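**Q** Below: sequence and its predicted model.
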Amino acid sequence: ANPRGPTLFPLLSCASSSSSSSLYAVGCVAVGHVPAGVTFSWTDATNQSMAAAVVAFPEARGAGGNMAASRLELPLQEGKGRQPFYCRAAHPRGNAVVAIRNPVASSLWPPCWCPPPSSPEPPLGPSPPPFLSIFRSNLNPSPSPFLAERDAKPPTLYVFPPPPEQLSAHETATVTCLAKGFNPPDLFIRWLRNGEPLPASSYVTMPPVAESQLARSYFTYSALTVATEDWGAGNVFTCLVGHERLPLQVAQKSSFTKQPMVTLPPSSSVCTALGDDSVELLCVITGFSPPPVEVEWLVDGVPDQLVVTTTPPRREAGSNTYVATSQTNVSREDWKAGKAFTCQVKHPATGVTAQGHSRFCPGEEEEEEEGGGGGGISGGFHLGGRCRVLVGFYQGRRLDDRDGFYQ
């Protein structure tokens, strides 16, 4: 396998409603790195080292990648008071970091790791985070040939798209299929592209690993290498899993992801409402997949309690991407005072935060106001007392009317 750094996932512990435990526990798992050898470190919200509270677990090695895990344990109140915690995985081929927050207590040795009770269905995509069980792993499980019927369990499946940093920096990326909680360990995984089988040479599957000696359940993962171009074209990649406790082969599909474009185009209200008591600002969010997006409005860079109306995402015609709008009214006094209004959009599936900016531009001459270069659209110019947002930057590239975002 080609040398590569790890992909890092957070772990949250299950806790029953009757649990009286006072232990706070979180973890993280690094998968897919080559060669083996990853070093974990933890810090709290104030960047203080948590080395004394960390438990490390053996690394699982395979031909197509490796897996390692780390666990953080604290008294419950101390843990809640110092979160979020940051798990860092250092590797010669690249480092990774993930922020983790756990709202519940944990038993001392939880038999499983799972999503919070409010999220009973396994998600597609990287948000909310994936959940795995990796503690007390046994790389050479030897199940009894007399497996009791009550101990047999089907797998729970998760499919995660490539991390955004892979898609932006490499020609190939990794789609990961995780199967957990199954017993016996005999299980097969196959991959499909748009319903057609892919050659075995395009993916690697780790041997099943025991989640817990007490729980009698196993997990495994399969990593599929795809061309970044194929992923961006919206092809559907399916993880097909077979197990004796599944009545049929079960498939879980990948979720195509694309980050949003955020603009504040000229709305008729912005152009005509300056004589009234308020001005309408309309934020257009386009080109993202999958939904949802989270929208927040800022005034001079600070979150503000504006009354906001945001439409549900809808699919763009003839495309795999979605569009949404967010509208708010601001006072004429604040608008003409030159305050900067920002539509900030978070896209959980890609981890991208993008911004669109708008402000009143006084004066009779055309006046450009250049904005930030990394995240969104900024600036505008004056046309007879009306401020239109026409000048901006997106991912470091200057935009203008020819880009077609302001029609």
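**A** Received, thanks.
**Q** Where does the prediction get shaky in the stretch 201-350 of the chain?
**A** When residues are selected by pLDDT under 70, those of the stretch 201-350 of the chain lie in 212-215, 232-234, 247-258, 264-276, 320, 349-350.
**Q** All the strands of it, in order from the start?
**A** Per DSSP state E, counting those that start in this stretch, the stretch 201-350 of the chain carries strands over the ranges 203-205, 209-212, 217-227, 237-242, 250-253, 261-263, 278-288, 294-299, 302-303, 308-310, 314-315, 322-331, 341-347.
**Q** And the stretch 51-200 of the chain, by the same measure?
**A** Residue ranges of the strands in the stretch 51-200 of the chain, as given by DSSP E, counting those that start in this stretch, are 54-56, 60-62, 65-75, 85-90, 96-100, 156-160, 172-182, 188-193, 196-197.
**Q** Least reliable of these by average pLDDT, please.
**A** When mean pLDDT is averaged over each of these, strand 60-62 scores lowest at a mean of 63.
**Q** now Thr310, which residues is it bridged with?
**A** In this structure, Thr310 bridges to Ser326 when assessed by DSSP bridges.
**Q** quick one, what contacts it?
**A** Val295, Ala324, Thr325, Ser326, Gln327 (C-beta atoms under 8 Å, 6 or more residues apart in numbering). From N, CA and C alone the C-beta is placed, and that goes for glycine too.
**Q** picking that back up, select, out of the strands of the stretch 201-350 of the chain, the one closest to Gly181.
**A** Set against Gly181 and scored by C-beta to C-beta, the strands of the stretch 201-350 of the chain come closest in strand 217-227, at 4.9 Å.
**Q** Give the pairing partners of that closest one; include direction for each.
**A** Counting by DSSP bridges, the strands paired with strand 217-227 are strand 172-182 (antiparallel), strand 203-205 (antiparallel), strand 209-212 (antiparallel).
**Q** how about these in a markdown table, adding mean neighbour count and distance to Leu224?
**A** Rendered in a markdown table, the data for the strands paired with strand 217-227 read as follows (neighbours: other C-beta atoms under 10 Å; distance: least, C-beta to C-beta, whole Å):
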| stretch | mean neighbour count | distance to Leu224 |
| --- | --- | --- |
| strand 172-182 | 23 | 5 |
| strand 203-205 | 20 | 4 |
| strand 209-212 | 23 | 19 |
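**Q** nearest to Lys336, of those strands?
**A** When the strands paired with strand 217-227 are compared for distance to Lys336 using C-beta to C-beta, the nearest one is strand 172-182, at 47.9 Å.
**Q** now Ala169: how far from Pro58?
**A** If you measure Ala169 against Pro58 using C-beta to C-beta, to the nearest Å, the figure is 30 Å.
**Q** which one of the two has more residues nearby?
**A** Set side by side, Ala169 and Pro58 show unequal neighbour counts under other C-beta atoms under 10 Å, the larger going to Pro58 at 14 against 11.
**Q** And the pLDDT for the more buried one?
**A** For Pro58, pLDDT reads 70.
**Q** Name the member of the contacts of Thr310 with the shortest distance to Ala179.
**A** Ranked by distance to Ala179 (C-beta to C-beta), these are led by Ala324 at 33.8 Å.
**Q** Go ahead and confirm that closest one touches Val293.
**A** Yes. Using C-beta atoms under 8 Å as the test, Ala324 is close enough to Val293 to be in contact (6.1 Å).
**Q** Which neighbours do the two have in common?
**A** With contacts taken as C-beta under 8 Å, 6+ apart, the residues that reach both Ala324 and Val293 are Ile285, Pro313.
**Q** one step back: of the strands of the stretch 201-350 of the chain, which stretch is the most buried?
**A** strand 261-263 (a mean of 25; mean count of other C-beta atoms under 10 Å).
**Q** Listing partners with orientation, what would you give for that one?
**A** Paired strands of strand 261-263, with direction, are strand 278-288 (antiparallel) (DSSP bridges).
**Q** Output the partner strand in PDB with nothing but the alpha carbons.
**A** Output for strand 278-288, consisting of C-alpha atoms alone and laid out as PDB, is shown next (Å, rounded to 0.1, in the frame of the first residue of the first chain):
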ATOM      1  CA  SER A 278     -35.700  48.500   7.400                       C
ATOM      2  CA  VAL A 279     -33.600  46.900   4.700                       C
ATOM      3  CA  GLU A 280     -33.900  43.200   3.600                       C
ATOM      4  CA  LEU A 281     -30.700  41.100   3.200                       C
ATOM      5  CA  LEU A 282     -31.000  37.900   1.200                       C
ATOM      6  CA  CYS A 283     -28.200  35.200   1.500                       C
ATOM      7  CA  VAL A 284     -28.100  32.600  -1.300                       C
ATOM      8  CA  ILE A 285     -26.400  29.300  -0.500                       C
ATOM      9  CA  THR A 286     -25.800  27.100  -3.600                       C
ATOM     10  CA  GLY A 287     -23.900  24.100  -4.800                       C
ATOM     11  CA  PHE A 288     -23.700  22.000  -1.600                       C
END
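**Q** Many thanks, we can stop here.
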